[in-house]
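# Okay, sequence plus prediction incoming.
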Amino acid sequence: MASTSAYFAPLVTLPDVITEPGTYRTRAGELVSVVSVSKRHDLGCVGFYPEGTQEHWHKIGRIFATITSWNDIVGKGE
């Protein structure tokens, strides 16, 4: 996966979804736990799915800069 500034360019103007550690909901409706948050344009928001698999997200909730995924975070969980 690319980590250059150009790779994240499509995300720069989108609103931040991941703002603090906590429970969030993915596009598929699954609840995930975010334990580390990054304010940078990187994949520095780190969390886990319920079964323990680790994932990295951009602060706007995406796991890829150029396409959407069912694993993207779309909002706070309950």
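Received, thanks. Numbering: from 1, shown residues only.
# Flag every buried residue along stretch 6-24.
Within stretch 6-24, the residues scored as buried using 16 or more other CB atoms under 10 Å are 7-8, 11, 17-18, 24. All C-beta atoms are positioned from the backbone trio N, CA, C, and that covers glycine.
# Residue ranges in this structure under the pLDDT threshold?
Within the chain, the stretches falling below the threshold (pLDDT under 70) are 1-4.
# Val17 - that's part of a helix, no?
No. Counting by DSSP: H, G, I helix; E, B strand; the rest coil, Val17 is located in no helix; its state is coil.
# And it, how far from Cys45?
With the distance defined as CB to CB, to the nearest Å, Val17 ends up 9 Å from Cys45.
# intersection of neighbour lists for these two?
Between them, Val17 and Cys45 share these contacting residues under CB atoms under 8 Å, 6 or more residues apart in numbering: 59, 73.
# Once you drop chain neighbours, what's closest to Tyr49?
Val32 (5.5 Å; CB to CB, 6 or more residues apart in numbering).
# Does that neighbour touch Glu51 like I think?
No. The pair Val32 and Glu51 does not pass the contact test of CB atoms under 8 Å, sitting 10.6 Å apart.
# Comparing these two, which residue is more hemmed in?
Neighbours per residue (other CB atoms under 10 Å) separate Val32 from Glu51, with Val32 holding more: 20 against 5.
# Okay, buried residues for the helix or strand hosting the more buried one please.
Using DSSP states H and E, Val32 maps to strand 31-36. Neighbour counts over strand 31-36 (16+ other CB under 10 Å) mark 32, 34 as buried.
# Tell me the first helix or strand C-terminal of it.
Per DSSP H and E, strand 31-36 leads on to strand 45-48 as the next helix or strand towards the C-terminus.
# what's that next one packed up against?
Applying 3 or more CB pairs under 8 Å, 6 or more residues apart in numbering; DSSP states H and E, we find strand 45-48 packed against strand 31-36, strand 54-57.
# can we see that at 10 Å?
Under the contact criterion of 3 or more CB pairs under 10 Å, 6 or more residues apart in numbering; DSSP states H and E, strand 45-48 touches strand 22-26, strand 31-36, strand 54-57.
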